[in-house]
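Student: Please work out how this folds:
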Amino acid sequence: MTENVKTQHDWQSPEYVEQWTNYVASDGERRQLRLRRAASLLPLADSPHPRVLDLGGGYGEFSRQVLAEYPEAGVCLQDYSAPMLDRATSVLAEFGPRVVYRRCDLRDSTWIEQVEGPFDAVVSSLTTHNLGDPDAVRRVYGQVHSLLRPGGWFFNLDLVLDVVMSSSRTPLAALYARGSGHPHGAHVHEDAPGGARFAELTLEGNLAWLREAGFDEVDCVYKEFDQVFLAAHRRN
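Tutor: I've put the predicted structure just below:
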C-alpha cells in the first residue's frame with residue numbers, strides 16, 4: 001500500500017486503481033463474506049428476471065455475489081472509473097450478457113438516465129462516502145429511490161466518518177483507530193477538495209437522508225466501527 005492509497009483517490013489512474021484493489025483484496029475473504037451475506041438477503045428469488053443496479057460497482061465484487069446468488073438476475077454495473085470498469089469486465093466475464101456496464105459520474109445528474117431503470121434492487125459498497133459532499137449523497141439517495149420498482153430495496157454498505165474524522169481525537173475516535181483495521185481513518189480525505197465535509201457523513205445523517213428521499217423503512221442492520229450496512233425499502 002502506498003501513501004497515495006491512504007490520502008487521495010485517483011480513480012482514473014490504472015496504477016492507483018491497481019494499488020487500491022490490491023489493498024482491498026488483502027481483506028478479500030472478510031469483504032467477500034460481507035457482500036455475499038448482503039446479496040443473500042435481497043428478496044429476489046421469486047422474481048423471474050430481476051434487475052439489480054450496482055452503484056459505483058468498481059471492480060465488480062458485489063455484482064459477482066449477486067449474480068452467483070440469483071442465476072436469473074441481470075446486473076447493471078455503474079462506475080465512473082474506466083480502469084475499474086476494465087477490471088470488472090474481466091472479473092465478471094463468466095456471466096456474459098447478464099451484466100451491462102455504464103460509465104457515468106454520480107455527481108452528474110444525468111447518470112440516472114444512462115443506467116436505464118427501473119430496478120428491483122440497488123446495491124452499493126464503499127461508494128457514497130466518496131462523493132464527499134453530503135448534498136450530493138442526499139441527491140443520489142433520491143435518485144436511487146426513483147429508480148426502484150415498488151417493493152424494491154437499496155442496500156448500501158459504506159463508511160460513516162463523523163468519528164474517524166474527528167479533529168479532537170476523542171477517546172471514541174481512538175477506539176475506532178485501534179479497531180477499524182482498514183485504510184480509512186481521520187487522515188483519509190483531509191487534503192481532498194471539500195474534505196472537511198466528510199465529517200458530516202454520519203450514521204444518523206444517512207438514515208435521515210434515506211427517509212427524506214422517500215424510503216418507507218430504513219435501518220442500519222449492521223455496524224462495525226465505521227463500516228455500516230444500511231437497508232432502505234420502497235413500499236410503493
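
Student: ok, and what's touching the strand of greatest length in the chain?
Tutor: Counting residues, the longest strand in the chain under DSSP state E turns out to be strand 148-159. The contact list for strand 148-159 (CB atoms under 8 Å, 6 or more residues apart in numbering) reads 34-35, 38, 41-43, 62, 117-129, 141, 144-145, 184, 201, 206, 210, 215, 226-236. For every residue, glycine as well, the C-beta is placed using N, CA and C.

Student: For PyMOL, write a command that selects the buried ones of these.
Tutor: Selection of buried members from the contacts of strand 148-159 for PyMOL, criterion 16 or more other CB atoms under 10 Å:
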select buried, resi 34+35+38+42+62+117+119+120+121+122+123+124+125+126+127+128+129+141+144+145+184+201+206+210+215+226+227+228+229+230+231+232+233+234
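
Student: Tell me the gap between the longest strand of the chain and the middle of its chain.
Tutor: Remark: strand 148-159 is offset 11 Å from the chain centroid, using CA atoms, centre = their mean, to the nearest Å.

Student: Could I get the buried residue list for it?
Tutor: Within strand 148-159, the residues scored as buried using 16+ other CB under 10 Å are 148, 152-159.

Student: quick one: strands adjacent to it?
Tutor: strand 119-125 (parallel), strand 227-233 (antiparallel) (DSSP bridges).

Student: next structured bit after that strand?
Tutor: Sequence-wise, the next helix or strand downstream of strand 148-159 (DSSP states H and E) is helix 171-179.

Student: Quick check: what element follows that following helix along the chain?
Tutor: Using DSSP H and E, the helix or strand that follows helix 171-179 in sequence is helix 203-213.

Student: Tell me the helix or strand right after that next one.
Tutor: Per DSSP H and E, the first helix or strand lying C-terminal to helix 203-213 is strand 217-224.

Student: report the angle between the axes of that next one and helix 203-213?
Tutor: If you take axes from the mean of the first three to the mean of the last three CA atoms, to 10 degrees, strand 217-224 sits at 160 degrees to helix 203-213.

Student: chain center to strand 217-224: distance?
Tutor: Strand 217-224 sits 14 Å away from the centroid of its parent chain (CA atoms, centre = their mean).

Student: In the sheet, which strands lie alongside it, parallel or antiparallel?
Tutor: In the sheet, strand 217-224 lines up against strand 227-233 (antiparallel) (DSSP bridges).

Student: immediately after the worst-scoring helix or strand of the chain on mean pLDDT, which helix or strand?
Tutor: Lowest on mean pLDDT, DSSP states H and E among the helices and strands of the chain sits helix 3-7, with a mean of 39. Going down the chain from helix 3-7, the next helix or strand is helix 14-25, by DSSP H and E.

Student: Which strands or helices does that following helix pack on?
Tutor: Using 3 or more CB pairs under 8 Å, 6 or more residues apart in numbering; DSSP states H and E, the elements in contact with helix 14-25 are helix 3-7, helix 82-91.

Student: Tell me who's in contact with residue 98.
Tutor: Residue 98 is in contact with 67, 73-75, counting by CB under 8 Å, 6+ apart.

Student: which one is the residue nearest to the spatial centre of the chain nearest to, not counting chain neighbours?
Tutor: In the chain, the residue lying closest to the centroid (CA atoms, centre = their mean) is residue 125, at 2.5 Å. Once flanking residues are discounted, residue 125 sits nearest to residue 157: 4.4 Å by CB to CB, 6 or more residues apart in numbering.
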